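*Asks:* all I have is the shape, not the residue letters:
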């Protein structure tokens with residue numbers, strides 16, 4: 001696709017669209033990894049995952065598609081060196097229980113799926129963690145699989161070496177918990193340890209101390225050294241000592257919901273500045289779950305992280321009135337080999353597109369760039385009564401500074417950023 005037939009953004013500031021792909025007709029995307037000239041994109045509604053050749057970012061090409069097993073999600077993945085790790089879990093948004101998305105984001109998922117008290121019969125999906133060899137970037141080849149008993153794995157943190165970290169919905173638990181995974185033999189990954197908040201182990205007779213309407217489940221953790229910073233949805237942030245991978249231990253648990261709306265999705269450590277950037281996901285249309293924020297925490301005292309500021313929300317249009325979700329969804333997570341900065345932060349805001357923020361003054365974050373894609377050409381969301389609207393999902397910034405962003409309906413966008421507007 002050349003510059004003259006690219007879609008025209010609804011709004012731009014200090015950014016320029018240079019490439020776009022409908023991902024071989026599968027324009028829905030959730031998490032993406034950009035690695036050695038290829039993007040690996042997990043699909044929300046098209047099942048499976050795709051490989052996009054980005055070696056010419058102005059002309060991205062879909063070069064491979066790997067189908068998911070029946071009734072299975074592959075929405076999240078991680079790439080490092082010659083390995084690609086891909087989640088297997090029940091396709092929640094195809095399940096009749098969750099056609100109204102409010103049911104997915106409230107209450108205990110394990111209870112709704114009937115697995116919190118023990119194994120459920122007649123399971124029709126694949127649950128676990130798949131490992132692919134991507135030494136040939138355009139031809140992922142599965143070499144390993146770690147099965148789990150339950151709903152499956154939701155998201156992964158893996159940056160090479162022996163250890164991976166996943167959120168897993170297991171038989172007997174009310175929602176997703178934290179699990180360490182030994183990757184010393186990539187063909188046979190295996191569980192090493194677990195951590196959960198007391199009250200989640202229903203099979204062991206634990207009783208929640210929180211209201212039944214609250215979603216106390218791990219989204220995922222970002223791990224720096226021996227510390228995992230875990231986003232626990234309506235339970236906020238849980239900081240975990242993983243120096244003993246077989247026995248993770250809680251360092252501190254911070255929750256600001258209520259009064260704020262919950263949905264904590266990313267906890268990004270900036271260790272060189274003793275800061276954390278913590279994002280709460282907007283999960284309902286028209287901010288029915290309240291205005292969601294990206295927070296800056298002072299992390300000088302690891303046992304007492306303190307919130308000091310919030311990022312400004314987009315205000316140049318009435319995004320709350322626009323169809324779909326308005327508010328934060330995901331951060332660029334400073335992975336090794338990607339663009340890494342403790343001052344420039346990139347985030348997606350769903351119907352408000354992609355945003356860049358300068359936090360050189362952590363008490364006064366400022367927006368320095370934005371791009372809002374136009375309405376998508378096709379409706380990829382298969383759930384009833386969903387609007388045909390952009391829902392910018394993930395953002396990945398490569399080492400050369402190019403921004404890659406996926407969308408539930410609109411495909412893959414490739415963006416140049418110039419903080420000086422030149």
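*Replies:* Looks like it arrived, so ask away. Everything numeric here is computed off the predicted structure, so don't read it as measured data.

*Asks:* for residue 174, which non-adjacent residue is closest in space?
*Replies:* The shortest distance from residue 174 to any non-neighbouring residue, by Cβ to Cβ, 6 or more residues apart in numbering, is to residue 108 (4.0 Å). The C-beta positions use only the backbone N, C-alpha and C, and glycine is treated the same way.

*Asks:* tell me how many other residues surround the one you found.
*Replies:* Other residues near residue 108 come to 22 when the count uses other Cβ atoms under 10 Å.

*Asks:* surely it meets residue 175?
*Replies:* Yes: between residue 108 and residue 175 there is a contact at 5.4 Å, judged by Cβ atoms under 8 Å.

*Asks:* quick revisit: give the contact list for the residue nearest to residue 174.
*Replies:* Residue 108 is in contact with 116, 174-175, 208, 212, 215-217, counting by Cβ atoms under 8 Å, 6 or more residues apart in numbering.

*Asks:* same check, this time on residue 9
*Replies:* Residues in contact with residue 9 (Cβ under 8 Å, 6+ apart) are 17, 353, 371-374.

*Asks:* any of these buried? List them.
*Replies:* 17, 353, 371-373 (16 or more other Cβ atoms under 10 Å).

*Asks:* could I get the residues you listed as TSV with distance to residue 78 and pLDDT?
*Replies:* Output for those, formatted as TSV (distance: Cβ to Cβ, whole Å; pLDDT from 0 to 100):
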residue	distance to residue 78	pLDDT
17	26	98
353	24	98
371	25	98
372	28	98
373	25	98
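
*Asks:* filter those residues down to the ones in strands?
*Replies:* 17, 371-372 (DSSP state E).

*Asks:* switch the residues you listed over to CSV; also include distance to residue 222.
*Replies:* Listed next are those as CSV, based on distance: Cβ to Cβ, whole Å:
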residue, distance to residue 222
17, 28
371, 25
372, 27
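
*Asks:* looking at those, spot the one nearest residue 381.
*Replies:* residue 372 (18.3 Å; Cβ to Cβ).

*Asks:* what's the closest non-adjacent residue to that closest one?
*Replies:* Closest to residue 372 by Cβ to Cβ, 6+ apart is residue 353, at 3.5 Å.

*Asks:* touching, residue 231 and residue 264? I think so.
*Replies:* Yes: if you go by Cβ under 8 Å, residue 231 and residue 264 touch, sitting 4.4 Å apart.

*Asks:* if you count what's nearby, which of the two comes out ahead?
*Replies:* residue 264 (28 against 25).

*Asks:* what residues does the more buried one make contact with?
*Replies:* By Cβ under 8 Å, 6+ apart, the neighbours of residue 264 are 219, 231-237, 257, 278-281.

*Asks:* got any ranges where the stretch 51-200 of the chain has weak pLDDT?
*Replies:* 120-121 (pLDDT under 70).

*Asks:* in it, which spans are helices?
*Replies:* For the stretch 51-200 of the chain, the helices defined by DSSP state H, counting those that start in this stretch occupy 101-104, 109-113.

*Asks:* how far off centre is the last one?
*Replies:* It refers to helix 109-113. 21 Å (Cα atoms, centre = their mean, to the nearest Å).

*Asks:* stretch 19-26 too?
*Replies:* 20 Å.

*Asks:* repeat for stretch 20-27
*Replies:* 20 Å.

*Asks:* mind listing what's buried along it?
*Replies:* 20-24, 26-27.

*Asks:* farthest pair within the residues you listed?
*Replies:* 20 and 26 (14.0 Å).

*Asks:* for residue 241, which non-adjacent residue is spatially closest?
*Replies:* residue 249 (4.7 Å).

*Asks:* for the stretch 251-400 of the chain, which segments count as strands?
*Replies:* Under the criterion DSSP state E, counting those that start in this stretch, the stretch 251-400 of the chain contains strands at 264-270, 275-280, 294-298, 306-310, 326-331, 344-350, 354-358, 366-372, 392-397.

*Asks:* dump the residue contacts of residue 202.
*Replies:* So residue 202 contacts 110-111, 116-117, 172-174 (Cβ under 8 Å, 6+ apart).

*Asks:* in stretch 216-227, what's buried?
*Replies:* 216-223, 227.

*Asks:* do the same with stretch 193-211
*Replies:* 193-197, 200-203, 206, 208.

*Asks:* just checking, residue 364 touches residue 309?
*Replies:* Yes: using Cβ under 8 Å, residue 364 is in contact with residue 309, at 6.6 Å.

*Asks:* quick one, which of those two is more surrounded?
*Replies:* residue 309 (17 against 12).

*Asks:* what's the distance between the residue lying closest to the more buried one once chain neighbours are set aside and residue 197?
*Replies:* Among residues not flanking residue 309 along the chain, residue 296 sits closest, at 4.7 Å (Cβ to Cβ, 6+ apart). With the distance defined as Cβ to Cβ, to the nearest Å, residue 296 ends up 24 Å from residue 197.
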